[in-house]
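1. The following block contains a protein sequence and its predicted model.
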Amino acid sequence: MENITRLAAHVRTEMSKVIVGQQEVIDQLLLVLICGGHALIEGVPGLAKTLAVKTLARICGLGFQRVQCTADLMPADVMGTNIFNMATSTFSLHRGPVFTDLLLVDEINRTSPRTQAALLEAMEERQVTIDGTRYPLGDNFTVFATQNPIEFEGTYPLPEAQLDRFLLKIHLDYPSAAEEADILGRYEQGFDPRKLDQVSISPLEPSLLAAARQDISAVRIEPTLRPYIVTLVRRTRDWPALSLGASPRAAIGLLFVARALAGVEGRDFLIPDDIKTAALPVLRHRVLLKPEADLEGLNSDRVISEILSSVEVPK
């Protein structure tokens with residue numbers, strides 16, 4: 001597990017030079033990258049969502065592109081299109097921002113369902129199809145999509161099929177008073193998020209991310225833990241407060257993220273606490289509350305916590 005622990009320690013240290021606090025969020029961003037998944041980041045404006053992803057890309061030496069979603073954004077604006085060259089009488093591909101490593105899709109729920117659907121193939125198959133030709137994306141291709149939890153006017157809620165493609169849903173909250181004072185102090189001293197080149201960030205060794213991903217497969221799983229994961233996921237499908245439970249893809253994601261958590265902690269074996277820690281970010285966007293449960297003030301996190309409490313933990 002040396003590669004994963006080295007990667008985690010390096011990312012935490014370098015991210016702290018730019019991002020104040022938000023340690024749990026940073027760890028979850030790292031888990032997404034190690035597991036090769038995608039993340040939906042939910043938080044009000046001004047919490048450094050874009051800055052965190054941009055900094056992570058720089059630390060890991062990965063390409064970064066940002067798409068600002070609007071109602072008139074078209075799939076070709078994200079994927080690219082073939083352009084006719086008058087001089088050569090041939091078509092050439094103008095690649096869109098999707099051809100990168102880390103793609104930040106800002107306010108994804110503000111773009112139309114047609115453009116949202118265009119991202120499905122890229123997220124699931126790591127390829128895009130333009131005019132009938134398939135173009136592969138890199139192994140490090142990762143979508144970090146953001147959405148504002150308080151604005152609903154002029155938005156298009158993500159369909160369940162697309163939500164299920166996100167490995168994690170990450171919640172960002174306001175920093176503490178001490179952290180906010182630290183942020184102000186950094187700006188007083190001249191910190192400028194638009195000039196990350198001026199921050200002395202040490203990049204990762206080029207091969208460390210790939211090596212860390214291989215380490216995940218070495219994490220041992222006790223026979224009793226597989227049924228525990230299955231029971232948790234299946235319990236969401238008949239829980240009284242839920243009208244839609246988690247899919248088998250959720251169970252796979254829960255296993256992968258729990259193994260990555262064990263690796264980050266320097267263990268080569270899985271424990272139930274890894275599964276419990278992974279459950280909220282992995283499952284919260286994959287379950288759907290019944291209207292009456294929503295009216296009672298329940299939310300997905302609270303329901304998942306109740307399910308975790310109802311399932312016996314294997315010894």
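-> That came in fine, so what should we check first?
2. just the helices in the stretch 101-250 of the chain please.
-> In the stretch 101-250 of the chain, the helices defined using DSSP state H, counting those that start in this stretch lie at 113-125, 160-163, 177-188, 208-216, 225-235, 248-264.
3. how about those helices in a markdown table, adding mean pLDDT?
-> Putting the helices of the stretch 101-250 of the chain into a markdown table (pLDDT from 0 to 100) gives the following:
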| stretch | mean pLDDT |
| --- | --- |
| helix 113-125 | 85 |
| helix 160-163 | 83 |
| helix 177-188 | 92 |
| helix 208-216 | 89 |
| helix 225-235 | 95 |
| helix 248-264 | 94 |
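4. Between those, which one is closest to Pro314.
-> Pro314 lies closest, by C-beta to C-beta, to one member of these: helix 225-235, at 5.2 Å. For glycine as for every other residue, the C-beta is placed from the backbone atoms N, C-alpha and C.
5. Can I get that closest one in CSV, CA atoms only?
-> Taking C-alpha atoms only, helix 225-235 is exported to CSV below (Å, rounded to 0.1, in the frame of the first residue of the first chain):
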residue,chain,number,x,y,z
LEU,A,225,-17.7,-8.3,4.0
ARG,A,226,-19.1,-9.1,0.5
PRO,A,227,-22.5,-10.1,1.9
TYR,A,228,-22.4,-7.0,4.1
ILE,A,229,-22.1,-4.7,1.1
VAL,A,230,-24.8,-6.6,-0.8
THR,A,231,-27.1,-6.4,2.2
LEU,A,232,-26.6,-2.6,2.6
VAL,A,233,-27.3,-2.0,-1.1
ARG,A,234,-30.3,-4.3,-1.3
ARG,A,235,-31.8,-2.8,1.9
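6. Please identify the most buried of the helices of the stretch 101-250 of the chain.
-> Counting by mean count of other C-beta atoms under 10 Å, helix 248-264 has the highest mean neighbour count of the helices of the stretch 101-250 of the chain, with a mean of 22.
7. what helices or strands is that helix leaning on?
-> helix 2-15, helix 23-35, helix 208-216, helix 225-235, helix 272-283 (3 or more C-beta pairs under 8 Å, 6 or more residues apart in numbering; DSSP states H and E).
8. Turn those helices into a markdown table, including distance to Leu104.
-> A markdown table is the format used below for the helices and strands packed on helix 248-264 (distance: least, C-beta to C-beta, whole Å):
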| stretch | distance to Leu104 |
| --- | --- |
| helix 2-15 | 16 |
| helix 23-35 | 11 |
| helix 208-216 | 18 |
| helix 225-235 | 29 |
| helix 272-283 | 18 |
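9. Nearest approach to Val264 belongs to which of these?
-> helix 2-15 (4.6 Å).
10. What helices and strands are in contact with that closest one?
-> Checking 3+ C-beta pairs under 8 Å, 6+ apart, helix 2-15 ends up next to helix 23-35, helix 49-60, helix 208-216, helix 248-264.
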